[in-house]
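**Student:** Need coordinates for the below:
(4 chains)
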There are 2 protein chains.
Amino acid sequence: MNASAKPERTRLSAEDWEDAALKLIADQGVGALAVEALARQLGVTKGSFYWHFRTREALLQAALERWEQYGEKEVISQIEAMPDPRARLPELFRRVAHELAPHRVYAALLKALDHPQVVPVMARVSQRRMEFLTNIYREAGLVPDEALNRARLTYAAYVGFLQLNFTLGLPRISHEEFDAYVEHMIRTLTPS
Amino acid sequence: MNASAKPERTRLSAEDWEDAALKLIADQGVGALAVEALARQLGVTKGSFYWHFRTREALLQAALERWEQYGEKEVISQIEAMPDPRARLPELFRRVAHELAPHRVYAALLKALDHPQVVPVMARVSQRRMEFLTNIYREAGLVPDEALNRARLTYAAYVGFLQLNFTLGLPRISHEEFDAYVEHMIRTLTPS
DNA sequence: CGGATACCATACGCACGAGTATGGATCGAC
DNA sequence: GTCGATCCATACTCGTGCGTATGGTATCCG
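**Tutor:** Residues are numbered from 1 along each chain as shown, chains lettered A, B, ... in the order given. All right, here's what the predicted structure looks like:
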């Protein structure tokens, strides 16, 4: 009944704890973030933890900041590198739709918005992403007001989708059906 | 520092506890549902609670079922009573947008999807609402596949909006701006 | 008006998870 | 090799919130 995952028998750093914390958050939510559970999973005990962090709260904070840093920079820069502005939106949609793994932490944090520590982080991240979206819509030809509202709508649809399909297990949509949904979304949310 | 809200000095029933529980959930989330806190708020002690319910879990269950019952029947029947199918969608959108109070419990439950008891309830409620939406879209002229996907998109936008504006406190959108957003949503999501 | 029933208070036990104290092991530098 | 710094184990304390035990008070019914 020993630790299972990590055969790494080397000593741990603060970053290791933060990564493990993010993984646990993605899997079981912020509420499941307990130091003894984490320690067990890493094959050590609390004694180790409290050497690296002053408190559980500090670990959460560090993990959140780490996640915020890691960011979505690659996606953003790759999208912005595309020459044709009209082609950016469909590409962005398809990309996000097919790389759902990185969004698992975001989905988990969505369920933890009653926790004071996650609110500012989520506010910043969501704000940045929506501004990015707004810009793309403007470059695609919408006037500023329309672009802003369309970005709000699109991002809300993204967030809602995560909730309904990730955490809630609604009728388990199939692969083809999901692709059809994405294309429908592109048709209705993208200026033709 | 005594109980503040209820001047009702009569004795309590199980329904009183369930209502208080729903109110507390709407205000502070499912996680804040503690029996001693609830008792304090009702001006009694735990002794009362454990006469009405076997456990905290039982109260949550009863409260959720009560909420699911209370339902959104009035809204649905009123919308379905409208003669012109094309007029139903805008009306539904505006209605939901301007009566956000009843959605506070739903928003709170959205943040508690890691709790096993709320998942089936939310699954049922969301499923019913989406079927309702799908029907309206079909009656408004969309072919079945389009109607289903449009309903998914619309409901996801609804859920996402609750998350982003209710729980998260994004840039505090103004009243006029919000109305403009709703109209934009109607234009892009409603078959013209 | 007296007793059964419904409702509530008080005082416990108990589990669980955060945080502390302290000593042991391991690694790098000289 | 040994010595200081880094990393970890063991064994506690303590607060919090659920659930229980038991006795008290209000209310209704005959």
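**Student:** Now A:V119: which helix or strand?
**Tutor:** Using DSSP states H and E, A:V119 sits within helix A:118-139.
**Student:** Only the buried residues of that helix, if you could.
**Tutor:** Taking 16 or more other CB atoms under 10 Å in any protein chain shown as the neighbour-count basis, helix A:118-139 is seen to contain the buried residues A:118-119, A:121-123, A:125-126, A:129-130, A:132-134, A:136-138. Just so you know, the C-beta spots here come from the backbone N, C-alpha and C atoms, and that holds for glycine as well.
**Student:** Now cross-check those against chain B and list the overlap.
**Tutor:** A:119, A:122-123, A:126 (CB under 8 Å from any CB of the partner chain).
**Student:** Could you identify the most distant pair in the residues you listed?
**Tutor:** Taking CB to CB as the measure, these span a maximum distance of 10.5 Å, between A:V119 and A:S126.
**Student:** Quick check: neighbours shared by those two?
**Tutor:** Between them, A:V119 and A:S126 share these contacting residues under CB atoms under 8 Å, 6 or more residues apart in numbering or on different chains: B:L168.
**Student:** Which pLDDT value goes with the residue of chain A found nearest DNA strand D?
**Tutor:** Here the residue of chain A nearest DNA strand D is A:G47; by CB to the nearest atom of the strand that distance is 1.8 Å. Predicted confidence (pLDDT) for A:G47: 96.
**Student:** name the element it belongs to?
**Tutor:** Following DSSP H and E, one finds A:G47 within helix A:46-52.
**Student:** After that helix, which helix or strand is next? Please name it.
**Tutor:** As assigned by DSSP H and E, the chain's next helix or strand after helix A:46-52 is helix A:56-70.
**Student:** Just the buried positions in the lowest-mean-pLDDT helix or strand in chain A, please.
**Tutor:** For chain A, counting by mean pLDDT, DSSP states H and E, helix A:73-80 ranks last in confidence among helices and strands (a mean of 84). Applying a neighbour-count criterion of 16+ other CB under 10 Å, one finds A:75, A:79 buried in helix A:73-80.
**Student:** Could you list every helix and strand that it packs against?
**Tutor:** In this structure, helix A:73-80 packs against helix A:85-98, with contacts taken as 3 or more CB pairs under 8 Å, 6 or more residues apart in numbering or on different chains; DSSP states H and E.
**Student:** The next helix or strand after the helix it packs on near chain B anywhere?
**Tutor:** Stepping forward along the backbone from helix A:85-98, the first helix or strand reached (DSSP H and E) is helix A:104-110. Yes - under the criterion of CB under 8 Å from any CB, chain B is reached by helix A:104-110 at A:L110.
**Student:** List of residues touching helix A:104-110?
**Tutor:** By CB under 8 Å, 6+ apart, the residues outside helix A:104-110 that reach it are A:22, A:25-26, A:29-30, A:64, A:67, A:118, A:121-122, A:125, A:159, A:162-163, A:166-167, B:111, B:163.
**Student:** what helices or strands is the helix or strand in which A:V159 is found leaning on?
**Tutor:** For A:V159, the enclosing helix or strand under DSSP H and E is helix A:144-161. Based on contacts counted as 3+ CB pairs under 8 Å, 6+ apart, the elements that helix A:144-161 packs against are helix A:118-139, helix A:175-189, helix B:144-161, helix B:175-189.
**Student:** Kindly calculate the angle that it makes with helix A:85-98.
**Tutor:** Orientation note: helix A:144-161 sits at an angle of 10 degrees relative to helix A:85-98 (axes from the mean of the first three to the mean of the last three CA atoms, to 10 degrees).
**Student:** Could you list the buried residues of helix A:144-161?
**Tutor:** A:146-161.
**Student:** from the chain's centre, how far out does it sit?
**Tutor:** Averaging C-alpha positions (CA atoms, centre = their mean, to the nearest Å) puts helix A:144-161 17 Å from its chain's average.
**Student:** Quick one: mean pLDDT for it?
**Tutor:** On average, the pLDDT along helix A:144-161 is 97.
**Student:** Which segments of chain A make up each domain?
**Tutor:** By the assignment in automatic domain parsing, chain A contains the domains A:14-67, A:72-189.
**Student:** who in chain A is up against DNA strand C?
**Tutor:** By the criterion of CB under 7 Å from any atom of the strand, the positions of chain A lying close to DNA strand C are A:11, A:33-36, A:46-47, A:50, A:54-57.
**Student:** run the last query once more with 6 Å
**Tutor:** A:34-36, A:46-47, A:50, A:55-57 (CB under 6 Å from any atom of the strand).
**Student:** Of those - the most surrounded one?
**Tutor:** Compared across the residues of chain A next to DNA strand C, A:V35 has the highest neighbour count, 18 neighbours, by other CB atoms under 10 Å in any protein chain shown.
**Student:** what's near enough to touch that one?
**Tutor:** A:V35 makes contact with A:46, A:49-50, A:56, A:59, according to CB under 8 Å, 6+ apart.
**Student:** can you list these in CSV and add distance to chain B?
**Tutor:** Converted to CSV, the contacts of A:V35 look like this (distance: CB to the nearest CB, whole Å):
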residue, distance to chain B
A:K46, 24
A:F49, 23
A:Y50, 25
A:R56, 16
A:L59, 19
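**Student:** number of nearby residues for A:W51?
**Tutor:** As a measure of burial, A:W51 has 9 neighbours, counting by other CB under 10 Å.
**Student:** From A:T45, how far out is it?
**Tutor:** In this structure, A:W51 and A:T45 are 11 Å apart, going by CB to CB, to the nearest Å.
**Student:** just A:H184 next, same as before
**Tutor:** As defined by CB to CB, A:H184 lies at a distance of 51 Å from A:T45.
**Student:** more crowded one of these two?
**Tutor:** Under the criterion of other CB under 10 Å, the comparison of A:H184 against A:T45 puts A:H184 first, with 17 against 12.
**Student:** What about A:A112, how many residues nearby?
**Tutor:** By the criterion of other CB under 10 Å, A:A112 has 23 neighbours.
**Student:** A:Q163 is in contact with B:L164, isn't it?
**Tutor:** No - using CB atoms under 8 Å, A:Q163 is not in contact with B:L164, being 11.1 Å away.
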